[in-house]
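# Give me a 3D structure for the following:
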Amino acid sequence: MSNDRPGELFAGPRPIQTRGEETALRPRLPKRAPKPEKPTKPEKPKAEKPRKAAPPPRKTAPKAARGSGGGRRSILGTLVYAGTVAGVWCGIALGAVLAWFALDLPDISKVAQFERRASVTVLAADGSEFARFGDLHGTTLGVRDLPPHLIHAVLAIEDRRFYSHFGVDPIGLARALYVNWRSGRSAQGGSTITQQLAKNLFLTPEKSLKRKIQEAMLALWLEHRFTKDQILTAYLNRVYLGAGTFGVDAASRTYFGKPATQLDLRESAIIAGLLKAPSRYAPSSNPDEAAERSRVVMGAMVDAGFITAQELEAARNAPPSAKRKPGGDGRYFADWVTELVSAFVGSGHGDVVVRTTLDLKLQRAAEQRLEEILSGAGATANARQGALVAMTTDGAVRALVGGRDYDSSEFNRATQAMRQPGSAFKPFVYLAALEAGWSPDSPVEDAPVRIGGWSPGNYDGKFRGTVTMANALAHSSNTATVRIIDRIGVERVRRVAAGLGINSPLGKDLSLALGTSEVNLLELTRGYAGIANRGAPVWPYAITEIRDRDGNVLYRRQAGGSVPVVDPAHAVQLTRMMTGVIEYGTGKSAKLDRPAAAKSGTTQDYRDAWFVGFTADLVAGVWLGNDNNAEMKRVTGGSLPAKLWQGFMLDAHAGRPPRPLPGMEGAPAYVASGGIAEPARATPAAAPARGSSGGVAGGIGSLIESLTGKGSAPQVQYDYGNPVR
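Here you go, the predicted model:
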């Protein structure tokens, strides 16, 4: 600093001045006239005292000059000190909080390699794969294997700063908080792709502050442990994308029928759109919402600079992608199979390959025929749902459709829905009557009947008088069937039905004859298979072999038989009676080019319609109705279900030569044009033959029944040669 700077700008004490110097610096004023001096009194002389020596002057620190920075530095230092102390304590508190949140974090070392859980691969009967269950349903694909459009679509809509943030995106989080505050709801999430992966890998779907903090902590660990490409690869191969699919490749194959490596821009946007709400934006079940969501994704891609506006317009105008066929391509069957696997190999199994009985040709035919009926005549008749089961006479399930669209509803109506079978239950009543000593040509009254306060009628409101038991079954006479069960007893019918595989609880009153007890389609079809198997019950099965990933056999089905629960001759008699249903009864619309036996069923107010029947090669059951139990418009078992059954059976038997029904190999040759004639009406004057033996009505049982009248009925000649005119 120069010496000519004014002294007051220096920090420090001022220069010391003497009085003389101070007086010299004062301005001079004009002199006044001197006043006369007063006389002074003479002073007395005083004795002088010795003076003490003055102490040496003390050295003091110079005071700070006003306007200097010393005071500010003191305040700033205080603030720095206080801030440091507060920061230390905040750090300690934050560390304690994080330590508390980290106490129940999962063991991250166990998933460092992104290991997936056990999978179940399901094979059809011919060995072709048609379903896979597990965390990864598709081929594991790296970031470099996937189309750039797919990567860009995911980044644009989920995490644009993925390659620049450290696992948690403060900017994105702040934006999400602001948007949610403005909208008054949770309209936008702030989780990064890394955070989403951390949640999928380690955490539960719980929504809480603690879980969000743990998610952020795990995201930081993932970013430290893995590269960005590794994190994105794991995310794209593990994320759930609806319809039971995990990973972009599985979703691509499910929704578009091709691997993810072949996705175009529009399809990539649809896949990326699923990340927000897989069920809501699934293109198979909600195509309009999926299309709208894909446009939002492509708009985000334009904003992020991944595509141009021209590319966006071209993708919007592209034709819709091919949609997977309704029905599920065997997914109802696959779900049923996976539920059975644990029973054979235990719940803690590793990866397994399951070989099944499914015939893909028959499965596709069943799905196609069901959709044709429901989207055609069924739509007009308010029949919105259906199911179909087909099995061989030994119980091997060849096709199973649990609904019209698996994506809309995974509820399996073939194995889980309990519905009243209506007249489709009647064959068990007539088989019990045969066991009790009746015969197909036993006469029975088709006339009004009242039992207590109950008076059932016939569907068509007509009564045919005295008819044979075979004729009553063919025309599904309610009054005749109620008379039969009243004669033979409800308990006998329950035993026969249960013996053939009807495991659901059955009622104990006479209304059981009309199918008022609920069953599912699989067990009802199983019961018919027992009839076709000459009275020997069958156990429906879908799994023939289970192997682990190394090819070791864990389970293999062993062929076996069963003992008939009814007289095989009676089962054959019932089969012959049931051919009349198709030839001249309620199932005429289901006639095939080969011998077949069946029975239709319709419940009150047209809430359920059934058709179940068999040939020498296949047993099939069909149900139509509505999940909410709504009424259909006059849909009977002999109408739409019979047509569905016929179409499926024609497809299933294409190329196969006709064969006689089981036990009827010696019967006259089947004539497709004329068919089996309706049996003649019973002659009322025919002499009754009580107590005939056969089946359970033998020995002491026959004697008891002859005394009580239960199980006895007149018998006449069963005539197939003289049709009634």
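# Count the neighbours of residue 163 for me.
10 (other Cβ atoms under 10 Å). C-beta: built from backbone N, CA, C; applies to glycine.
# Kindly state the domain boundaries assigned to the chain.
With domains defined by automatic domain parsing, the chain comprises 141-316, 422-540+561-708.
# Of all those domains, which one comes closest to residue 346?
Evaluated over the domains of the chain, closeness to residue 346 peaks at domain 422-540+561-708, with 20.7 Å, by Cβ to Cβ.
# quick one: that closest one to chain centroid distance?
Chain-centre distance of domain 422-540+561-708: 37 Å, with Cα atoms, centre = their mean, to the nearest Å.
# tell me the mean pLDDT for that domain?
Averaged across domain 422-540+561-708, pLDDT comes to 87.
# Just name the most buried of the domains of the chain.
Among these, ranked by average contacts under mean count of other Cβ atoms under 10 Å, first place goes to domain 422-540+561-708 (a mean of 20).
# secondary structure element for residue 586?
For residue 586, there is no host helix or strand (DSSP states H and E).
# Columns distance to residue 402 on top of the domains of the chain, output as JSON lines?
Converted to JSON lines, the domains of the chain look like this (distance: least, Cβ to Cβ, whole Å):
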{"stretch": "domain 141-316", "distance to residue 402": "14"}
{"stretch": "domain 422-540+561-708", "distance to residue 402": "9"}
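# With respect to residue 391, which of the ones you listed lies nearest?
domain 422-540+561-708 (5.4 Å).
# any idea how far residue 122 is from the residue positioned nearest the centre of the chain?
Nearest to the geometric centre of the chain sits residue 410, at 5.4 Å (Cα atoms, centre = their mean). Here the criterion is Cβ to Cβ, to the nearest Å. By it, residue 410 lies 16 Å from residue 122.
# Kindly report the same for residue 272.
Distance from residue 272 to residue 122, by Cβ to Cβ: 29 Å.
# same check, this time on residue 426
Separation of residue 426 from residue 122 (Cβ to Cβ) stands at 36 Å.
# hang on, the earlier thing: can you tell me how far the residue nearest to the centre of the chain is from residue 624?
With distances taken as Cβ to Cβ, residue 410 is found 19 Å from residue 624.
# Can you list the low-confidence ranges for the stretch 1-150 of the chain?
For the stretch 1-150 of the chain, applying pLDDT under 70 flags the ranges 1-73, 94-117, 134-137.
# try 50 this time
The model of the stretch 1-150 of the chain has pLDDT under 50 over residues 1-27, 29-30, 61, 64-69, 112-114.
# can I get the CA coordinates of the host helix or strand of residue 340 in PDB?
Residue 340 belongs to helix 331-345 when elements are defined using DSSP H and E. Coordinates of each C-alpha in helix 331-345 appear next as PDB, following Å, rounded to 0.1, in the frame of the first residue of the first chain:
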ATOM      1  CA  ARG A 331     -52.400 -72.300 -21.500                       C
ATOM      2  CA  TYR A 332     -55.500 -73.500 -19.500                       C
ATOM      3  CA  PHE A 333     -54.100 -77.000 -19.900                       C
ATOM      4  CA  ALA A 334     -50.600 -75.900 -19.000                       C
ATOM      5  CA  ASP A 335     -51.900 -74.200 -15.800                       C
ATOM      6  CA  TRP A 336     -53.600 -77.400 -14.800                       C
ATOM      7  CA  VAL A 337     -50.500 -79.400 -15.500                       C
ATOM      8  CA  THR A 338     -48.200 -77.200 -13.400                       C
ATOM      9  CA  GLU A 339     -50.600 -77.500 -10.500                       C
ATOM     10  CA  LEU A 340     -50.100 -81.300 -10.700                       C
ATOM     11  CA  VAL A 341     -46.300 -81.300 -11.000                       C
ATOM     12  CA  SER A 342     -45.600 -80.700  -7.300                       C
ATOM     13  CA  ALA A 343     -47.700 -83.700  -6.400                       C
ATOM     14  CA  PHE A 344     -45.400 -86.000  -8.300                       C
ATOM     15  CA  VAL A 345     -41.900 -84.500  -7.600                       C
END
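# partners of the helix or strand just after that helix, with directions?
Per DSSP H and E, the first helix or strand lying C-terminal to helix 331-345 is strand 352-356. When pairing is defined by DSSP bridges, strand 352-356 lines up against strand 120-123 (parallel), strand 543-548 (antiparallel).
# can you list contacts of the first one?
The set of residues external to strand 120-123 that reach it, using Cβ atoms under 8 Å, 6 or more residues apart in numbering, is 129-134, 334, 337-338, 341, 351-356.
# Just the buried ones out of these, please.
Neighbour-count burial (16 or more other Cβ atoms under 10 Å) applied to the contacts of strand 120-123 gives 130-133, 334, 337-338, 341, 351-356.
# want to try JSON lines for the residues you listed, with distance to residue 519 as columns?
Below are the buried ones among the contacts of strand 120-123 laid out as JSON lines (distance: Cβ to Cβ, whole Å):
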{"residue": "130", "distance to residue 519": "28"}
{"residue": "131", "distance to residue 519": "27"}
{"residue": "132", "distance to residue 519": "32"}
{"residue": "133", "distance to residue 519": "28"}
{"residue": "334", "distance to residue 519": "23"}
{"residue": "337", "distance to residue 519": "22"}
{"residue": "338", "distance to residue 519": "24"}
{"residue": "341", "distance to residue 519": "25"}
{"residue": "351", "distance to residue 519": "36"}
{"residue": "352", "distance to residue 519": "31"}
{"residue": "353", "distance to residue 519": "33"}
{"residue": "354", "distance to residue 519": "27"}
{"residue": "355", "distance to residue 519": "29"}
{"residue": "356", "distance to residue 519": "24"}
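# Please consider this matter closed, and thank you.
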